[in-house]
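Q: give me a model of this one.
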Amino acid sequence: HVFYYNTYLASLVVMLWRLLSSASAQKIQTVFSSTATAHCHRAASNGATKVLFRTLSSLQQSSGLIGKKELSSPQGFGALEESCYTVVDEHVRAIHKEVETGHFKHSLNHLDHISNNLCKFLDLCEALRQLHPPGPMVNSAVDSMHRLAVYMEELNTDPCTSYSHTIFCCFFFHIIICIYYLLNVILILLFWCLKDLYYGMKGMLSSDIGSSLTSEEIFCAESFMLDFEKSAIHLGDDVRKKVVEWTTSISHLEMDIENAQRTEVGKAFHVPEKYLKGLPPQQMRLLQRMDNGNVIIPCHEQSAAVYLLSVLEDRAMRKAVMEGMYETDGNIDSKLTSLFVQRSELAQLVGFKDSAHKALVHSLADNPDTVNSFLHAASTCIRPQLDEELDLLASVAKHKQIDGDIELFDIKYLCNLARETLNKRSAFLSLENCMNGLNMIVQRLFGVALVKTPTGKGEVWHTSVERYDLVEMSDSGVVGDVIGTLYADLKFRQAKNNHPSHYTLQTGRKLRDAFPSGKLKPQEKPIIALVCGFTNTSALTLDEAKSLFHEFGHAMHSLLSLTTFQHIAGTRGSTDFSELPSTLFENFLLRYDVVRMFAKNSLTGESISEDEYSEIIRLSQEFPALNMDESLTLSSLDQYYNSIDFMNTKSLRRGLELVTETGITPFSWKDFPKYRRFFHLLTYEAGYYSYPWCQALSKCLWDEKFESDPLDRSNGESYRKFILELGSGGDRWERIESFLGREFTIEIMARHLKKP
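A: Numbers count the residues shown, from 1 in each chain. As a prediction, this is how the structure comes out:
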């Protein structure tokens, strides 16, 4: 999963930017206004609450994309640019004044306003690049991104927004990793912040003013300070010059490696087409067919190669395919080594032990020692279940007369045989039913509801995109205020990012005016895009339904977040916390008593039987320990390559040996250099552990609070209060403990991975 997508930090002045894709909604109130709403009604069928429907009394002539009137045509980007420049300049002037006077009381608000306005515009452009059909709108969006980069370069010449004419902090716009589509990287700008502001804010935190700040303000201020220090603003000119040079070099290396990983061709195999019947149609179209009925499979095409490992009967062929997956024509190994070394050298330059320590500070885990302790604890906890699963595969191998020990290239094939069939589709899990189910869950838990609302002319980027408003709803069914808006782009489409994704188009936040004499604005409402690429919406597989529920969990985090600073709103925080709400939402699909309330026959209204659904779950979850073992292995590799230990050895192969020697996994990876195709190494920088971490964390919260009654309102309200509304800020350990009502440790978290 990405997005998981997923997200990166960037500094503007001193602000960390998390770019998941945003769009501003300067006049979004026209969409939410009461004059646009004629009525809402609630529909219920056999106990399952369906999505509400809102009818517009009159559709606007042209509401523009995301409700922005300016974007009724490509030329509207110019007007949005000017508006963005005006607001940013106003706050930059205010920072000038605070630097001159030495009073930094309102600096946090000015910085957040600057970051918010730039993020909304830039992220809107990026969202359109990812989702809008190619054409003038996309071209205008990209042009605006380039012009804004020039504007920021000019901003760097301002003595109050630059220091010694040094520029820093390169950031990536939106990086999407998925097995079917290319990694998209746009390098937008390099930017440096004000040294005086850094020391001014540092002094403010230790002064009487600091003692009067709220916990949210303190958290954001500390985040800003940390970002300054990662940028070497507190160090000498020579050091900062090196930081700029190394950062640029690392950026080029990451792009070179990404291109090599996805374009270098190793081995290719001619495989009978009969083996590829289960491959998604969109993937089949990318493969070359031969006149003799065979299909050419390049091993670097990960999805096709992985699929072959699950269906090829010939063991030698399976081994050859797996070897081919990690074989390259170029010098990826030397480039990866150089990348990891430069990352840690850069970290040491600004005062950290290595790249992992630099990346993890201010995360939920906080340091590599905590992460490694979790990985080993989790590995120990799943080992009994892993042994059981391997024993089952051994019996399958014996039945198929496969001699010798089970090897890595045998795992997927034997798992497939044990399941007896591939992940099956079910009409009970149609997209409509799943959306009704999500609506039912949030109504029961949080007292909110999805209202399907017709869109104005030009409001969405494609006719298949649907709009839902999230509204407060009383127990009696009375619809209240609009909380935010979700645009659902869920059907497969060419020239679109079809990977399951969550885009924050606008954060929800309490608007605090940065200018004391200015007029306060109404609360900014969140706008979210929920993206999938379903090819058959009438019958989803359980895995596809899980992807939908996962991304919807992210959406609820963004929609129900209510912070003052956009910097920590919703998912804009460390991945080891932001993946918690999304992972937790998957659990609802594993409870038949929940699923039966929405998985119904469209004609008869009859619910799916418990036996049938149990079989669907069994086929998709037959080997959870094996899946977790691979996730822990990759997380351990990620930690090692960003550590001081790698700096000492500079050996990529040593990482493969260590995962076995240290007991993380019982398998030997030494003959299969996984790092060559482990794309997350480029983008996560010691953060891949967030996936198994949040699986364990969400399982802990589920087992202790939701297992006995998944739809209990009191638990839902508590979860909304302590986990969702506070976004990604504050003391997150304390928030988790407040929700659980007791002390919480990584050992407790890891134990919940054990088979019940």
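Q: contact partners of stretch 75-87?
A: 24, 26, 64, 68-71, 113-114, 117-118, 120-121, 124-125, 140-141, 143-144, 147-148, 151 (C-beta atoms under 8 Å, 6 or more residues apart in numbering). The way it works is simple: take the backbone N, C-alpha and C, and place the C-beta from them, glycine included.
Q: buried ones among those residues?
A: Buried members of the contacts of stretch 75-87, counted by 16 or more other C-beta atoms under 10 Å: 24, 26, 64, 68-71, 113-114, 117-118, 120-121, 124-125, 140-141, 144, 148, 151.
Q: in helices only, show me the contacts of stretch 75-87.
A: Under the assignment DSSP state H, these contribute 113-114, 117-118, 120-121, 124-125, 140-141, 143-144, 147-148, 151 to helices.
Q: show me which of those is closest to residue 504.
A: Using C-beta to C-beta, residue 120 comes nearest to residue 504 of those, at 9.8 Å.
Q: host element of residue 691?
A: Element membership of residue 691, judged by DSSP states H and E, is helix 690-701.
Q: oh, that last question was meant for residue 345, not what I typed.
A: Residue 345 is located in helix 332-349, with elements delineated by DSSP H and E.
Q: over to residue 505?
A: Following DSSP H and E, one finds residue 505 within strand 501-506.
Q: strand partners (parallel or antiparallel) of that strand?
A: Sheet pairing for strand 501-506, assigned by DSSP bridges, gives strand 527-534 (antiparallel).
Q: which strands and helices sit next to the next helix or strand after the strand it pairs with?
A: Helices and strands here follow DSSP H and E; after strand 527-534, the next one along the chain is strand 540-541. If contacts are counted by 3 or more C-beta pairs under 8 Å, 6 or more residues apart in numbering; DSSP states H and E, strand 540-541 sits against strand 425-426.
Q: from the ones in helices among the contacts of stretch 75-87, pick the one nearest residue 96.
A: Looking across these and measuring by C-beta to C-beta, the closest to residue 96 is residue 114, at 12.5 Å.
Q: nearest residue to the closest one in space, please, no chain neighbours.
A: In space, not counting the residues next to it along the chain, residue 114 is nearest to residue 91; the distance is 4.8 Å by C-beta to C-beta, 6 or more residues apart in numbering.
Q: show me the contacts for that neighbour.
A: 110, 111, 113, 114, 514.
Q: surely it is within a strand?
A: No: checked against DSSP: H, G, I helix; E, B strand; the rest coil, residue 91 lies outside a strand; its state is helix.
Q: read off the pLDDT value for it.
A: Looking at residue 91, its pLDDT stands at 82.
Q: and for the one 3 residues further on?
A: As summarised for this prediction, residue 94 has a pLDDT of 82.
Q: again, but for the one 3 residues further on
A: For residue 97, the model assigns a pLDDT of 79.
Q: what separates it from residue 110, distance-wise?
A: Here residue 97 is placed at a distance of 10 Å from residue 110 (C-beta to C-beta, to the nearest Å).
Q: so for the two, which residue has more residues nearby?
A: Shown here are residue 97 and residue 110; by other C-beta atoms under 10 Å, residue 110 has more neighbours (23 against 12).
Q: hey, where'd the helices end up in the stretch 301-450 of the chain?
A: 302-311, 315-325, 332-349, 355-360, 368-399, 408-419, 431-446 (DSSP state H, counting those that start in this stretch).
Q: pipe those helices into TSV and attach mean pLDDT, mean neighbour count and distance to residue 603 per row.
A: Formatted as TSV, the helices of the stretch 301-450 of the chain follow (pLDDT from 0 to 100; neighbours: other C-beta atoms under 10 Å; distance: least, C-beta to C-beta, whole Å):
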stretch	mean pLDDT	mean neighbour count	distance to residue 603
helix 302-311	77	20	34
helix 315-325	84	19	43
helix 332-349	92	19	54
helix 355-360	94	25	53
helix 368-399	92	18	39
helix 408-419	86	20	30
helix 431-446	96	22	13
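Q: worst-scoring helix or strand of this structure, pLDDT-wise?
A: Least confident element among the helices and strands of the chain, by mean pLDDT, DSSP states H and E: helix 29-32 (a mean of 26).
Q: the residue nearest to residue 438 when sequence neighbours are not counted and residue 666: what is the separation?
A: Nearest residue to residue 438, sequence neighbours excluded (C-beta to C-beta, 6+ apart): residue 552, at 5.3 Å. From residue 552 across to residue 666, the span is 36 Å (C-beta to C-beta).
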